[in-house]
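Student: Next one to model:
(chains A, B, C and D)
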2 protein chains.
Amino acid sequence: MAGRDPAGEEAVPVVVTDKSGKPAQGRRRPADETRCARCALHARCLPLGLELEALASFDAIIEHPRPLKRGQALMRQDQRFESLYVVRSGSLKQVVEQVGQRDQVTHFHLPGEVVGLDGIAESRCYGSVVALESTFVCELPFHRLDDLAEQVPALRGELYRCMSRELRNDQRMMCLLSGRTADQRLASFMLGLSERFRSRGCSPYCFHLSMSRSDIGSYLGLALETVSRVIARFQEQGLVSVEGRELCIEDHPALVALAEEGAGRHSGA
Amino acid sequence: MAGRDPAGEEAVPVVVTDKSGKPAQGRRRPADETRCARCALHARCLPLGLELEALASFDAIIEHPRPLKRGQALMRQDQRFESLYVVRSGSLKQVVEQVGQRDQVTHFHLPGEVVGLDGIAESRCYGSVVALESTFVCELPFHRLDDLAEQVPALRGELYRCMSRELRNDQRMMCLLSGRTADQRLASFMLGLSERFRSRGCSPYCFHLSMSRSDIGSYLGLALETVSRVIARFQEQGLVSVEGRELCIEDHPALVALAEEGAGRHSGA
DNA sequence: AGGCCGGGTTGATGCGCATCAAGTCTTGCC
DNA sequence: GGCAAGACTTGATGCGCATCAACCCGGCCT
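Tutor: Prediction:
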């Protein structure tokens, strides 16, 4: 089976509870709640640095926020590319399905991150993107975004920067996959998440893993059993404490040291 | 040694021979030769699809082509980002140097490809870029490019597409590094090069590898000995024939089959 | 000509992690 | 409530590839 994610991926339902527990109660969320200016992610999102006027224009092109249940697909591989999305709450994974091979998780997307940039080149979604929990996304039709970018240099710059940042991240990932041991991959992964939570104002030390061990393994190029074992060992060593999907980093410096350690595979040093 | 490339990387010399063998003879190349409209890569380069007028504007922002000798750095890691570059002839490798670890080759750049996109986000070059042979590049100061992009939607689109394409490539690379055996990596690598040469009008079956086995190993996350061994085995199996750095693909379908084979690591299938 | 050095090949050995296999716990569903 | 399926853990085994080591070859320097 080069199979689908087992959880359902059918038509979008309407009742949903977002992460903060506020029920959306079966109606479209009132426009006001969706305003960028009111959004907690405002400072970390695409419209970063826009003037008030430009921000209003930006706001205007956002399509109604879409609620997704765990396991639902925001987009499917090879589907036509129309829009970028920004995660508003929750989280998603991007999965590339290859013929006759295991599916491969290529990204996890957290609030404030842009999804779909890799679809622009060929007007086609490169992978499927699936919610890991109840999730809201803002939809940005790409042609309208581009129109706006023509008039607003700051937005253009932010778009470039956004894509460039992702290039850098992917390259970092390539380095990780190419040269490091299982321990180092896990350590980097945890630190990466920690950093991303921190920059969103969440605790960098204790957080919830919305993805399964299997997802982590796929992402890091490891067998899920290895992920499980390494996490267990980290816990024995007092680096972290884990209960199910709750992770606490207990010895941050040691994790950093481990992640940066020279003695990876073919380290030569 | 987390060392530098051993070959010299000093000040730029002037005498250079480009790949086609035409000597540049110690002078700046006359403006005419550098015109995009005259460039053989015209159809595969960034100004793809520009109107004549826009093309002229694009032309105007290109800085004098820079000749690089084998081993010379086009840019150095962490250096300030100012410009994008397009390879005009020759080839380069991008290398990320990490503290206490082996250098990691993240990209090979062929003619027509854009170098430096990953530097935009932080106005800093993410890796060093070093010529693998005598190489010419066109320099595009980024702020001028962005100014022009404001007025020319087609250029803006091409820039997006270019970055997006690279995102896709990097992700493909992540899949390769994460889930595939040494044989599959080499097969994919060869096929990838083949395809890139083909789309440039060069022979997709016989071509020159400008990079060392060690570079290939670094790029593919393998030890150089493994690269050497796998290539030898491919040759025994009649998949390719190799003499030094000259590579001929003898059995393209078999290589494709190998590269796509379901039986990678943790393939599950 | 002689020596050095980087690039490449080939062989022997060992380790890291994938794989196979059980078994537990949680969660959703009839 | 009871069953089934998925998520996770833990153990045993084996293979793929890194590593170490020796060697060849051609180019460059003196």
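
Student: OK, contacts around residue A:74?
Tutor: Residues near residue A:74 by C-beta atoms under 8 Å, 6 or more residues apart in numbering or on different chains: A:66, A:68, A:85, A:92, A:115, A:129, A:130, A:131, A:135, A:137. C-betas here are computed from N, CA, C, even on glycine.

Student: The fourth one reaches residue A:127, doesn't it?
Tutor: Right, the one you point to is residue A:92. No - Residue A:92 is beyond contact range of residue A:127, at 10.8 Å (criterion: C-beta atoms under 8 Å).

Student: What is the burial count for residue A:133?
Tutor: Neighbourhood size, residue A:133 [other C-beta atoms under 10 Å in any protein chain shown]: 17.

Student: Next one: it from residue A:73, what distance?
Tutor: 14 Å (C-beta to C-beta, to the nearest Å).

Student: what's the answer for residue A:162, then?
Tutor: Distance, residue A:162 to residue A:73, using C-beta to C-beta: 23 Å.

Student: Look at the residue lying closest to residue A:258 once chain neighbours are set aside and give its secondary structure.
Tutor: Spatial nearest neighbour of residue A:258, excluding adjacent residues (C-beta to C-beta, 6 or more residues apart in numbering or on different chains): residue A:187 at 4.5 Å. Following DSSP: H, G, I helix; E, B strand; the rest coil, we place residue A:187 in the helix state.

Student: quick one, domains of chain A?
Tutor: Domain ranges of chain A: A:31-173, A:180-260, per automatic domain parsing.

Student: Could I get those domains in CSV, plus columns for mean pLDDT?
Tutor: CSV is the format used below for these (pLDDT from 0 to 100):
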stretch, mean pLDDT
domain A:31-173, 90
domain A:180-260, 96
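
Student: Please identify the most buried of those.
Tutor: domain A:31-173 (a mean of 19; mean count of other C-beta atoms under 10 Å in any protein chain shown).

Student: is that domain anywhere near DNA strand D?
Tutor: No - Domain A:31-173 stays clear of DNA strand D (C-beta under 7 Å from any atom of the strand), getting no nearer than 8.7 Å.

Student: Spatially central residue in chain A, please.
Tutor: The centre of chain A sits closest to residue A:109, judged by C-alpha atoms, centre = their mean, with a distance of 0.7 Å.

Student: How about that residue, nearest residue that isn't a chain neighbour?
Tutor: residue A:92 (4.5 Å).

Student: which ones are touching the one you found?
Tutor: By C-beta under 8 Å, 6+ apart, the neighbours of residue A:92 are A:68, A:74, A:108, A:109, A:115, A:129, A:130, A:131, A:132, A:135, A:137.

Student: Please flag which of the contacts of residue A:74 sit within strands.
Tutor: In strands, judged by DSSP state E, the following of the contacts of residue A:74 are found: A:66, A:68, A:85, A:92, A:115, A:129, A:130, A:131, A:135, A:137.

Student: Quick one: residues contacting the nearest residue in space to the first one that is not next to it in sequence.
Tutor: Looking back up the chat, that one is residue A:66. Nearest non-adjacent residue to residue A:66, counting by C-beta to C-beta, 6+ apart: residue A:137, 5.4 Å away. Residues near residue A:137 by C-beta under 8 Å, 6+ apart: A:65, A:66, A:68, A:74, A:85, A:86, A:87, A:88, A:92, A:115.

Student: ok, residue A:137 to DNA strand C distance?
Tutor: Distance, residue A:137 to DNA strand C, by C-beta to the nearest atom of the strand, to the nearest Å: 22 Å.

Student: Please tell me how far that residue sits from DNA strand D.
Tutor: The value you get for residue A:137 to DNA strand D, if C-beta to the nearest atom of the strand is used, is 22 Å.

Student: go on, residue A:61?
Tutor: In terms of C-beta to the nearest atom of the strand, residue A:61 sits 36 Å off from DNA strand D.

Student: That residue reaches residue A:140, doesn't it?
Tutor: Yes - here residue A:61 reaches residue A:140: they are 6.4 Å apart, a contact under C-beta under 8 Å.

Student: re earlier: restrict the contacts of residue A:137 to those near DNA strand C?
Tutor: Checked against DNA strand C using C-beta under 7 Å from any atom of the strand, those yield no neighbours at all.

Student: Take those and lay them out in a markdown table including distance to residue A:254.
Tutor: Output for those, formatted as a markdown table (distance: C-beta to C-beta, whole Å):
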| residue | distance to residue A:254 |
| --- | --- |
| A:65 | 41 |
| A:66 | 41 |
| A:68 | 37 |
| A:74 | 37 |
| A:85 | 37 |
| A:86 | 35 |
| A:87 | 31 |
| A:88 | 35 |
| A:92 | 31 |
| A:115 | 33 |
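
Student: follow-up on the earlier one: out of the contacts of residue A:92, the closest to residue A:260 would be?
Tutor: The closest of those to residue A:260 turns out to be residue A:108 (C-beta to C-beta; 21.7 Å).

Student: wait, residue A:185 sits on residue A:226?
Tutor: No - taking contacts as C-beta under 8 Å, residue A:185 lies outside contact range of residue A:226: 9.3 Å.

Student: What parts of the stretch 1-150 of chain A come near chain B?
Tutor: A:1-2, A:96, A:98-102, A:104, A:106, A:117-122, A:126-127, A:146, A:149-150 (C-beta under 8 Å from any C-beta of the partner chain).

Student: Okay, and which of the residues you listed map to helices?
Tutor: Among the residues of the stretch 1-150 of chain A next to chain B, the members found in helices (DSSP state H) are A:146, A:149, A:150.

Student: OK, contacts around the last one?
Tutor: Remark: with contacts taken as C-beta under 8 Å, 6+ apart, residue A:150 is in contact with A:156, B:150, B:153, B:156.

Student: Can you give me the distance of the closest residue to the last one other than its chain neighbours to DNA strand D?
Tutor: Same thing as residue B:156. Nearest non-adjacent residue to residue B:156, counting by C-beta to C-beta, 6+ apart: residue B:149, 4.4 Å away. Distance of residue B:149 to DNA strand D, computed by C-beta to the nearest atom of the strand: 41 Å.

Student: just to revisit the earlier point, nearest to chain B, of the contacts of residue A:137?
Tutor: Nearest to chain B, judged by C-beta to the nearest C-beta, of these is residue A:115 at 11.8 Å.

Student: Looks like the closest one contacts residue A:94 (just checking).
Tutor: Yes - using C-beta under 8 Å, residue A:115 is in contact with residue A:94, at 7.3 Å.

Student: Which neighbours do these two have in common?
Tutor: A:109, A:129.

Student: re earlier: who wins for proximity to residue B:235 among the domains of chain A?
Tutor: Taking C-beta to C-beta, domain A:31-173 is the member of the domains of chain A nearest to residue B:235, at 26.0 Å.

Student: Okay, strands next: where are they in the stretch 101-250 of chain A?
Tutor: With DSSP state E, counting those that start in this stretch as the criterion, the stretch 101-250 of chain A has strands at A:104-109, A:114-115, A:128-131, A:135-141, A:206-208, A:240-243, A:246-249.

Student: what residues does the third one touch?
Tutor: Among residues not part of strand A:128-131, those counted as contacts by C-beta under 8 Å, 6+ apart are A:5, A:9, A:68-77, A:85, A:90-97, A:109, A:115-116.

Student: Mind listing residues that contact stretch A:215-231?
Tutor: Stretch A:215-231 is contacted by residues A:93, A:95, A:102-108, A:132, A:176-177, A:182-183, A:185-186, A:189, A:209, A:211-214, A:240, A:242, B:177-179, B:266 when judged by C-beta under 8 Å, 6+ apart.

Student: what angle do the longest helix seen in chain A and strand A:104-109 make?
Tutor: Longest helix in chain A by number of residues, with DSSP H as the criterion: helix A:153-179. Helix A:153-179 runs at 140 degrees relative to strand A:104-109, counting by axes from the mean of the first three to the mean of the last three C-alpha atoms, to 10 degrees.

Student: Let me know whether helix A:153-179 sits next to DNA strand C.
Tutor: No - if you take C-beta under 7 Å from any atom of the strand as the test, helix A:153-179 misses DNA strand C, and the best it gets is 10.3 Å.
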